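Asker: Fold the following and give me the result.
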Amino acid sequence: MNTLPNREVNTVADDKAALPDPVSGEILLIVDDVAENRDLLGRRLERAGYGVLTAENGPEALRIIEEKEVSLVLLDIMMPGMSGIEVLKILRTSHSPVDLPVVMVSALTESNEVVEALNLGANDYITKPVDLPVAIARIKMQVSRKRSEEAVRKSEERYALAARGTNEGLWDWDIPSNRIEYSTQWKALFGCADQAIESSTEEWFSRIHEEDRGRIESELGASLADEQQNQFTSEYRIHHKDCDYRWVLTRGVIIRSSEGAPLRMVGSVTDITTSKAFDTLTGLPNRLLFIESLTEAIRECASDHEKRFALLFLDLDRFKVVNDSLGHMVGDRLLERVARRLESSVRLSRDHKNPDKLARFGLARFGGDEFAVLLSDIKNPNDPVLVAMRLLDRIRAPFQLEGREVFIGLSIGVALGDCHYASAADMLRDADTAMYRAKSAGGGRYQVFTEGMRTDAQERLELENDLRRALQNKELLLYFQPKVQLNTGRVAGFEALLRWRHPKHGIISPGKVIPIAEETGLIVPIGTSILEEACRKLKQWQDHFPADPPLSMAVNISVKQLLQPDFVDVVHRVLEVTEIPPASLSLEITESVVFQETGNIEQILDSLKALGVLLEVDDFGTGYSSLNRLDRYPFDAIKIDQSFVFRMGTDKRSADVIRGVVALAKRLNIGLIAEGIENGNNAEVLDMIGCTQGQGFYFSKPMLGEEVEQQLEKHRASGAWRPREMYKAGGDHASNAEPPSVPEQGA
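Answerer: Have a look, this model is predicted:
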């Protein structure tokens, strides 16, 4: 019998702040024949958040354990009658150290008894006088371990039940010995149920696809090394004895020692090949399955150089417009209908020379609005083009959705397969490059890949990377081309034109810069920078060269700029900072942007008009039937596209188009600007038929800001850079600048 004096129980005494965080929900049993010891230790443990039961002897302790749920036993070694050692022996006949942790309480002189207790299955021990924080830390560790083991056991039971219900394969890995047991169902999943297999991890890992094995070993190693990680999940391909590879999902639970070392891992394997191989929306094979088929076609071609195959990469034209305007559910239904129509179009075709032989076709959905077609064992070299033409024709027919007709098109890239392809990724890249070329040409067509396209794509990628640095390196410059009043020859204002002074390629025109900027999203910061610089320049020129009305500035606006939520605020801020009159700023918006009815264009234009700026339709007449809708929008002027001006002297139809646009502008009471004027005859005719302003090389080439200032100073008195009476006299040679071979484009 040992008495625990109050002064020895805890060196921290009643300092509650020194105790660890309370642990609730756990019941501790204190077994000690001295009431003072039981009461004092019990109060301390209750203050720490534990529930406490007490027993004054061994038989009472055994009865309490039989009747109540006890989380842990604090058992005094030396007690009269039945000692703590005897109580422990009885407990271990019915309760394992995991089920019921036992911590022995001993005096410092009872080391032999402690060793005996540990050999009999005690989990730990504490010595008298009891250091309460140490005791609570050891209790907490044992209770936590018990709960973890219980959770693992329940997880194992759930895994076993789930496996029996879903035909999952189970495995149990003893990590220190590196031995692993596989269930019969595990073996059956991989076609080896009737075989004796080794109890090693190599039996498992050797079956994993070579492209997946490194990743799986890395993921598994990371999970085992992380002491906070007790679960593992991964998807990969594994070899089946009879049918190449299958996709599986592996899930496992890691069992660790009290120090965190991994001891055991149990888990399951589920065959997910079907869900991995097919697209849930359309039911078509998905990207993964298609790439496997394409890889197989490349492999076959490498071993038989006579084999020919082809890849068609398909992207829907205008699908985003349908999706945004009619909603995603309608968009999904459209994709389903497209899939069915493609299926019916991609049929077996006979070889003309060998009518008994058929070419094999495969169709898959890659995701989004992208599809792919694999043509294997091609016998006729024209087959890929014939299939592409058939697909284009089938998709052109309208789809009936939500009680309306919906029209959509296809852009198709064709890559012809032979033994020079080393991987599916290479062939997909080439087909995608050809598809992009088809889409850039207006869509609704196919393009067959050529080596030149790859060179162009690489150059384009280089330019994309360079453009990201161009803003920072101040390589983007603004040129200005004057807009002239045709009846007087006076300069009314300027159009700001973007040029890129590339350190390697020299000056790059907007025709190359703008499409790249649009696709990369750089058009927004570039466009804002152009607007700010153009307005600052205009303010300087208005101050130094006053006119009535003041000089104006036209700035081209991209659709991506226009649709930015803060675009109107950006324009308002620039007007405030530069202090130019709002009416001296014209925003040029391409006709195709305005009349495609993307987003809330009309509301945005109304908001811009409310700021007082002018709005111009740029490139008018280049492909959209917009005449009957022009009056819906608050435009101040129309810009006649330069292609009509170039041809007006030789093409009567172009001249008639210009006269029609002039009549339209008069009816709507809006201004008219002609671009691309290169000779005096055109300038005179345009003036005579009622065009108010013009610009082009006849008046001036685009100039840097310093050159503009020199010309404004030179013509300060008259303001006329080419008086009206000089048009006919000047003729085609009046300009001191050579016209370009290819018409320049605005920013």
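
Asker: Low-confidence regions, this protein specifically.
Answerer: For the chain, the stretches flagged by pLDDT under 70 are 1-24, 155-167, 193-195, 242-244, 347-361, 591-599, 621-631, 723-747.

Asker: ranges for the strands of the stretch 401-550 of the chain?
Answerer: 404-406, 409-417, 445-448, 476-485, 491-502, 506-508 (DSSP state E, counting those that start in this stretch).

Asker: The second one pairs with which strands, and in what direction?
Answerer: Strand partners for strand 409-417, identified by DSSP bridges, are recorded as strand 309-317 (antiparallel), strand 445-448 (parallel).

Asker: And stretch 106-121, what's buried?
Answerer: Ser106, Ala107, Glu110, Glu113, Val114, Glu116, Ala117, Gly121 (16 or more other C-beta atoms under 10 Å). C-beta coordinates here come from the backbone N, C-alpha and C atoms, glycine included.

Asker: who's in contact with it?
Answerer: With contact meaning C-beta atoms under 8 Å, 6 or more residues apart in numbering, stretch 106-121 is reached by 2, 76-78, 84-85, 88-89, 91-92, 96-97, 102, 104, 125-128.

Asker: Sort out for me which of the residues you listed are in helices.
Answerer: Of these, the ones assigned to helices by DSSP state H are Gly84, Ile85, Leu88, Lys89, Leu91, Arg92.

Asker: Who's the closest spatial neighbour of Ser391, skipping the chain neighbours?
Answerer: One correction, residue 391 is Leu, not Ser. Ser345 (5.4 Å; C-beta to C-beta, 6 or more residues apart in numbering).

Asker: Tell me how many other residues crowd that neighbour.
Answerer: 17 (other C-beta atoms under 10 Å).

Asker: do Asp279 as well
Answerer: The number of residues packed near Asp279 is 19, by other C-beta under 10 Å.

Asker: coming back round to it: any of the contacts of stretch 106-121 buried? List them.
Answerer: Buried residues within the contacts of stretch 106-121, counting neighbours by 16+ other C-beta under 10 Å: 2, 76-78, 84-85, 88, 91, 97, 102, 104, 125-128.

Asker: out of the residues you listed, which one sits closest to Gln458?
Answerer: Using C-beta to C-beta, Pro97 is the member of the buried ones among the contacts of stretch 106-121 that lies nearest Gln458, at 67.0 Å.

Asker: my read: the closest one touches Val103, true?
Answerer: No. Using C-beta atoms under 8 Å, Pro97 is not in contact with Val103, being 10.9 Å away.

Asker: Now for these two: what residues contact both?
Answerer: With C-beta under 8 Å, 6+ apart as the test, Pro97 and Val103 both reach Ala122, Asn123.

Asker: Bridging across strands, which residues link to the residue nearest to Thr201 when sequence neighbours are not counted?
Answerer: Spatial nearest neighbour of Thr201, chain neighbours left out: Ile180 (5.6 Å); criterion: C-beta to C-beta, 6+ apart. Beta-bridge pairing for Ile180 (DSSP bridges): Trp173.

Asker: Tell me who's in contact with Ile180.
Answerer: Going by C-beta under 8 Å, 6+ apart, the list of residues near Ile180 reads Trp171, Asp172, Trp173, Asp174, Ser199, Ser200, Thr201, Glu203, Trp204.

Asker: Please convert those residues to TSV, extending it with distance to Gly403 and neighbour count.
Answerer: Shown next, in TSV, are these (distance: C-beta to C-beta, whole Å; neighbours: other C-beta atoms under 10 Å):
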residue	distance to Gly403	neighbour count
Trp171	55	19
Asp172	59	17
Trp173	59	23
Asp174	65	14
Ser199	65	14
Ser200	64	14
Thr201	60	16
Glu203	60	15
Trp204	56	20
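
Asker: Closest one to Leu615 out of those, please.
Answerer: Trp204 (68.3 Å).

Asker: That closest one: what secondary structure?
Answerer: When classified by DSSP: H, G, I helix; E, B strand; the rest coil, Trp204 comes out as helix.

Asker: these two touch, right, it and Trp171?
Answerer: Yes. Judged on C-beta under 8 Å, Trp204 makes contact with Trp171 at a distance of 7.4 Å.

Asker: Now do the shared contacts for these two.
Answerer: Contacts common to Trp204 and Trp171, judged by C-beta under 8 Å, 6+ apart, are Ile180, Tyr182.

Asker: Tell me how many other residues surround Pro285.
Answerer: Neighbours of Pro285 under the rule other C-beta under 10 Å: 20.

Asker: Then Asn380?
Answerer: Asn380 sits with 16 neighbouring residues when counted by other C-beta under 10 Å.

Asker: what's the most distant pair in the buried ones among the contacts of stretch 106-121?
Answerer: By the measure C-beta to C-beta, Asn2 and Pro97 form the most distant pair in the buried ones among the contacts of stretch 106-121, at 24.6 Å.

Asker: nearest spatial neighbour of Gly51, skipping sequence neighbours?
Answerer: Here the residue nearest Gly51, using C-beta to C-beta, 6+ apart, is Ile27, at 4.3 Å.

Asker: What are the buried residues along stretch 225-241?
Answerer: Asn230, Phe232, Tyr236, Arg237, Ile238, His240.

Asker: Same list, those residues, but as TSV with secondary structure and distance to Asp32 please.
Answerer: Formatted as TSV, the buried residues of stretch 225-241 follow (DSSP: H, G, I helix; E, B strand; the rest coil; distance: C-beta to C-beta, whole Å):
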residue	secondary structure	distance to Asp32
Asn230	coil	36
Phe232	strand	44
Tyr236	strand	56
Arg237	strand	61
Ile238	strand	58
His240	coil	63
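
Asker: Appreciated, that's everything.
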